[in-house]
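Chemist: I need the structure of the sequence given here:
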Amino acid sequence: HLFEGRYSRKIVQEDEYFYRLIVYIHQNPQNHGVVLDYRNLPFSSYNAYIRQDRRSLVAKEILFDLD
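Modeler: A predicted model of the protein is given here:
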């Protein structure tokens, strides 16, 4: 927590909020001026969620099957 306060945690109970968090996490580098376009960030899972790439290391089914 060098630049900001400590991280906090919050229980996510609603699907809509969960999906907004996913969008927020992916757009955060662009919103803070780290990259021009978050979709081109090389080490982001964004493209794994958007594309149907079977070689992806992201286990999308686990993330979206959470209850």
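
Chemist: what about residue 42, distance to residue 19?
Modeler: 24 Å (CB to CB, to the nearest Å). Just so you know, the C-beta spots here come from the backbone N, C-alpha and C atoms, and that holds for glycine as well.

Chemist: ugh, typo on my part, it should be residue 30
Modeler: Distance from residue 30 to residue 19, by CB to CB: 18 Å.

Chemist: rewinding a little: more neighbours: which of residue 42 and residue 19?
Modeler: residue 19 (12 against 6; other CB atoms under 10 Å).

Chemist: tell me which element that one is part of?
Modeler: Following DSSP states H and E, one finds residue 19 within helix 15-31.

Chemist: Tell me the gap between that helix and the middle of its chain.
Modeler: Here the centre of helix 15-31 is set off from its chain's centre by 6 Å, with CA atoms, centre = their mean, to the nearest Å.

Chemist: Can you name every helix or strand that that helix contacts?
Modeler: Counting by 3 or more CB pairs under 8 Å, 6 or more residues apart in numbering; DSSP states H and E, the packing neighbours recorded for helix 15-31 are helix 46-50.

Chemist: buried set for the helix it packs on?
Modeler: Neighbour-count burial for helix 46-50, counted by 16 or more other CB atoms under 10 Å, picks out residue 46.
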